[in-house]
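**Student:** Sequence first, then the predicted structure, then my questions.
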Amino acid sequence: MAAPVPLRPDFDAAALRALAKSSHDPDQTRRLLALSAIYAGGSRSEAAALGGVGLQTVRDWVLAFNADGPCGLIGGKAPGARPLLNADLRAALKALVEQGPMPAAHGVVRWRLVDLAQILFEDHGVSVSEQTLSRVLRSMGYRKLSARPRHHAQDRDAIPAFKKPFPARLAEIAQATGGKPIEVWFCDEARVGQKNTITRRWARRGTRPSAPKDQRTASAYLFGAICPARGTGAGLVMPRCTTEAMNLHLAEIATAVAPGAHAVLLLNQAGWHMTQKLVIPANITLLPLPARSPELNPVENLWQFMRENWLGNRIFASYEAILDQSCDAWNKLIDQP
């Protein structure tokens, strides 16, 4: 029979019992007391009985203690089964998700879990269930999200070209206005009407909830402008998007700009925004956004928020009801900047 592995000589039974008394880890306490019995002259069988384990486990404790001291006896988390997807497979999965499917090659326009599982099996020989694949994707930070619409003719270089010199343009406007404080405002318009939107809602899995949907076409337009830095805004509800309506909105924005400040109003290139017939207040400078780039305008997010919480899933009985609900939704928004 092989000789037992000796314990390291820089500890003794009293030292291990003192460490066990101060330990907050119950596994470490039990192991320290078992090894203290060996230091005190007891046999390995007595140490195994004291620790409630077998001789091989006591040997493992001795090796861990000799290598790392008392810290080697702290209980650790079991490693569990090896993951089906190692680092290389996760990198391949990430590349698939980021690249997206090619309809001609993959036959789908968006990835489903079953598609990704099939590609992993065909290309890498790994069989993964959809449930496991879902957990892996979530652990990697992925979620199934609604895509933002992007115009097919958008110039990808226009957005960086607009954003990079933006601070310098604000400085130029501040200098041109005599050094007044600059406020950055954004404005946009949203149609609110009887042919309304239907939003997502909580429901039992396997069911499809219903919501009222009107087919009538009475509508109004909510003109909204916000200054995120100040948490304020200015809105009007108008029957149409026209130059006259835009002039009224500009006048409303001008009254909301802080006294002594100058507003830089970012807006898209709609016809009623760019016309020479606009009457632009003295405390506002218009700055058009690049064409077909609604993602640069945060007001687009507000319209979605308002529809999902206050304006969607509604039946508007009349044009007056559209006006009332639009005003109520805008006021609720301004009350919680």
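**Tutor:** Looks like it came in fine. Numbers count the residues shown, from 1 in each chain.
**Student:** So which residues of the stretch 151-300 of the chain form helices?
**Tutor:** Per DSSP state H, counting those that start in this stretch, the stretch 151-300 of the chain carries helices over the ranges 158-163, 166-176, 243-256, 271-274, 299-306.
**Student:** Dump the ones you listed to TSV, plus mean pLDDT, distance to residue 94 and mean neighbour count.
**Tutor:** Heads up, the C-betas are built off the backbone N, CA and C, glycines and all. Shown next, in TSV, are the helices of the stretch 151-300 of the chain (pLDDT from 0 to 100; distance: least, CB to CB, whole Å; neighbours: other CB atoms under 10 Å):
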stretch	mean pLDDT	distance to residue 94	mean neighbour count
helix 158-163	94	25	13
helix 166-176	96	32	12
helix 243-256	98	44	18
helix 271-274	96	41	16
helix 299-306	94	27	17
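**Student:** May I see these arranged in CSV, with distance to residue 48 as well?
**Tutor:** CSV is the format used below for the helices of the stretch 151-300 of the chain (distance: least, CB to CB, whole Å):
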stretch, distance to residue 48
helix 158-163, 69
helix 166-176, 72
helix 243-256, 80
helix 271-274, 84
helix 299-306, 65
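**Student:** out of these, which comes closest to residue 201?
**Tutor:** Between residue 201 and the helices of the stretch 151-300 of the chain, the shortest gap by CB to CB is with helix 299-306, which sits at 15.1 Å.
**Student:** next structured bit after the helix or strand that contains residue 48?
**Tutor:** Using DSSP states H and E, residue 48 falls within helix 44-51. Next in sequence after helix 44-51, counting helices and strands by DSSP H and E, comes helix 55-68.
**Student:** So for the nearest residue to residue 130 once chain neighbours are set aside, what's the pLDDT?
**Tutor:** Excluding the flanking residues, the one nearest residue 130 by CB to CB, 6 or more residues apart in numbering is residue 113, at 4.1 Å. pLDDT recorded at residue 113 is 95.
**Student:** Nearest to residue 54, out of the helices of the stretch 151-300 of the chain?
**Tutor:** Nearest to residue 54, of all those, is helix 299-306, at 62.8 Å by CB to CB.
**Student:** as a whole number, average confidence for the helix or strand just after the closest one?
**Tutor:** Sequence order places helix 319-335 as the next helix or strand after helix 299-306, per DSSP H and E. Averaged over helix 319-335, pLDDT sits at 97.
**Student:** The residue nearest to residue 130 contacts residue 135, correct?
**Tutor:** No - with contact defined as CB atoms under 8 Å, residue 113 does not reach residue 135; the gap is 10.6 Å.
**Student:** Which one of the two is surrounded by more residues?
**Tutor:** Neighbours per residue (other CB atoms under 10 Å) separate residue 113 from residue 135, with residue 113 holding more: 16 against 12.
**Student:** burial measure for residue 330, as a count.
**Tutor:** 23.
**Student:** What of the one 5 residues further on?
**Tutor:** Around residue 335 there are 7 other residues, counting by other CB under 10 Å.
**Student:** how about it, what does it touch?
**Tutor:** By CB atoms under 8 Å, 6 or more residues apart in numbering, no residues touch residue 335.
**Student:** now the angle between helix 319-335 and the longest strand belonging to the chain, please.
**Tutor:** Longest strand of the chain, by residue count under DSSP state E: strand 182-193. Between strand 182-193 and helix 319-335, the angle comes out at 150 degrees (axes from the mean of the first three to the mean of the last three CA atoms, to 10 degrees).
**Student:** List the strands paired with strand 182-193, with their directions.
**Tutor:** Using DSSP bridges, strand 182-193 pairs in its sheet with strand 219-227 (antiparallel), strand 262-267 (parallel).
**Student:** Give me the mean pLDDT for that strand.
**Tutor:** What strand 182-193 shows for mean pLDDT is 97.
**Student:** one step back: out of the helices of the stretch 151-300 of the chain, nearest to residue 35?
**Tutor:** Where the helices of the stretch 151-300 of the chain are weighed against each other on CB to CB, the nearest is helix 299-306, at 62.3 Å.
**Student:** now for the helices of the stretch 151-300 of the chain, which one comes closest to residue 105?
**Tutor:** Closest among those, using CB to CB: helix 158-163, at 29.3 Å.
**Student:** Contacts for that closest one, please.
**Tutor:** 289, 290, 291, 293, 295, 296.
**Student:** burial measure for the first one, as a count.
**Tutor:** Same thing as residue 289. As a burial measure, residue 289 scores 20 neighbours (other CB under 10 Å).
**Student:** and it, how far is that from residue 21?
**Tutor:** To residue 21, residue 289 is 70 Å away according to CB to CB, to the nearest Å.
**Student:** Residue 282: what's it in contact with?
**Tutor:** residue 254.
**Student:** my bad, residue 151
**Tutor:** residue 292.
**Student:** what sits against the residue lying closest to residue 291 once chain neighbours are set aside?
**Tutor:** Leaving aside its sequence neighbours, residue 291 sits nearest to residue 269 (CB to CB, 6+ apart; 5.5 Å). Going by CB under 8 Å, 6+ apart, residue 269 touches 288, 289, 291.
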